[in-house]
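Undergrad: below is the sequence, then the predicted model.
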Amino acid sequence: MFAQETIFEQKTTVFSEEKSGGIGMHTSGFQVTFRYGKYLTGFTKRIYEFEIANIKHSKEIRSVNPFESNTRGYVFGKLNSLYVLRPSIGFQKVFIPKQSIRGVSITYIAQVGPSIGIAKPVYLDIIEREPRTGTTAIVKKKYNPEEHDQSDIYGRASFVNGFGDLKLHPGVFAKVGLHFDYANDREAVKSIEVGVQLDAYFSEIPLLAFTTNRAIYPTIYLAMFFGTRETK
């Protein structure tokens with residue numbers, strides 16, 4: 001049998017940068033990540049990241065109109081959908097390097113940056129009744145919990161509704177995690193990352209009616225990354 005080739009028996013390659021993209025989920029939604037890493041040493045990188053995510057209220061419950069077919073589902077009481085832009089800077093440091101080509105390296109990461117929350121109002125297809133004639137019409141309206149009862153809701157309106165009423169919520173973002181790289185090719189990035197992250201805004205964001213809303217959103221995330229490393 002042949003001895004397993006160790007990483008130290010390969011020709012040494014000095015990498016200068018790393019580019020990768022990731023897709024993942026967290027305990028309140030999903031996220032897509034674009035990451036650039038600049039090697040400071042063979043085991044340490046400075047990383048620049050841009051992430052797009054959504055955050056849902058923990059008490060959201062999806063509903064459908066029980067009396068109509070082919071209608072879009074909706075969340076009763078949902079006031080806004082929250083989308084988040086997270087530009088950040090941080091570092092990534094290897095603390096368990098690969099011992100073989102088929103091994104796994106483990107690094108830890110830490111990042112901070114602004115969290116730009118974008119609240120998009122929820123629009124619904126509302127059933128409006130004409131008292132004199134008894135006729136009904138379906139109209140698209142911004143959801144108002146003081147005016148629209150569940151019996152008035154036909155379904156969720158198209159996603160394009162609400163872009164004219166976007167509201168920004170500035171805040172800060174932090175992330176720490178562990179990064180497991182299992183690629184067999186040293187020039188490729190294939191990895192799984194798990195960690196915790198925090199979005200904290202300067203004011204409460206109204207996501208759901210009839211309950212408490214928050215300004216701070218801690219989440220646990222799991223993501224997969226793919227990319228390349230480049231030499232000098």
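TA: Happy to help now that I have it. Residues are numbered from 1 along each chain as shown.

Undergrad: wait, a strand at residue 151?
TA: No. Looking at residue 151 with DSSP: H, G, I helix; E, B strand; the rest coil, it is helix, so not inside a strand.

Undergrad: burial count for it?
TA: 8 (other CB atoms under 10 Å). Yep, even glycine has a C-beta here, placed from its N, CA and C like the rest.

Undergrad: run the chain-centre distance for the host helix or strand of residue 20.
TA: Per DSSP states H and E, residue 20 falls inside strand 15-26. Here strand 15-26 shows a centroid-to-chain-centroid distance of 14 Å under the convention CA atoms, centre = their mean, to the nearest Å.

Undergrad: could you pull out the buried residues of that strand?
TA: 15, 18, 20, 22, 24, 26 (16 or more other CB atoms under 10 Å).

Undergrad: go on, stretch 59-70?
TA: So stretch 59-70, judged by 16+ other CB under 10 Å, has buried residues 63, 65.

Undergrad: helices and strands around the strand holding residue 20, which ones?
TA: Strand 15-26 makes packing contacts with strand 29-39, strand 188-201, strand 216-231 when contacts are defined by 3 or more CB pairs under 8 Å, 6 or more residues apart in numbering; DSSP states H and E.

Undergrad: model confidence over the last one, on average?
TA: Averaging pLDDT along strand 216-231 yields 96.

Undergrad: I'd like to know which elements that strand is packed against.
TA: Partner elements for strand 216-231 (3+ CB pairs under 8 Å, 6+ apart): strand 15-26, strand 29-39, strand 167-181, strand 188-201.

Undergrad: within the sheet, what are the partner strands of the last one, with directions?
TA: To tie it back to what came earlier, the one meant is strand 188-201. Sheet pairing for strand 188-201, assigned by DSSP bridges, gives strand 167-181 (antiparallel), strand 216-231 (antiparallel).

Undergrad: I'd like those strands laid out as CSV, including mean neighbour count.
TA: Listed next are those as CSV, based on neighbours: other CB atoms under 10 Å:
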stretch, mean neighbour count
strand 167-181, 17
strand 216-231, 16
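
Undergrad: among those, which comes closest to residue 209?
TA: strand 167-181 (16.1 Å; CB to CB).

Undergrad: relative to strand 15-26, how tilted is that closest one?
TA: Interaxial angle, strand 167-181 versus strand 15-26 (axes from the mean of the first three to the mean of the last three CA atoms, to 10 degrees): 120 degrees.

Undergrad: may I have strand 167-181 as PDB, with CA atoms only?
TA: Extracted in PDB, the C-alpha atoms of strand 167-181 (Å, rounded to 0.1, in the frame of the first residue of the first chain):
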ATOM      1  CA  LYS A 167     -37.600  52.300   4.700                       C
ATOM      2  CA  LEU A 168     -34.000  52.000   5.800                       C
ATOM      3  CA  HIS A 169     -32.900  50.900   9.200                       C
ATOM      4  CA  PRO A 170     -29.200  51.400   9.900                       C
ATOM      5  CA  GLY A 171     -27.400  49.200  12.400                       C
ATOM      6  CA  VAL A 172     -24.300  47.100  13.100                       C
ATOM      7  CA  PHE A 173     -23.400  43.500  12.300                       C
ATOM      8  CA  ALA A 174     -21.000  41.000  13.900                       C
ATOM      9  CA  LYS A 175     -20.200  37.400  13.000                       C
ATOM     10  CA  VAL A 176     -17.900  34.700  14.500                       C
ATOM     11  CA  GLY A 177     -17.700  31.100  13.200                       C
ATOM     12  CA  LEU A 178     -15.700  28.000  12.200                       C
ATOM     13  CA  HIS A 179     -14.800  27.300   8.600                       C
ATOM     14  CA  PHE A 180     -14.200  23.700   7.500                       C
ATOM     15  CA  ASP A 181     -12.400  23.500   4.100                       C
END
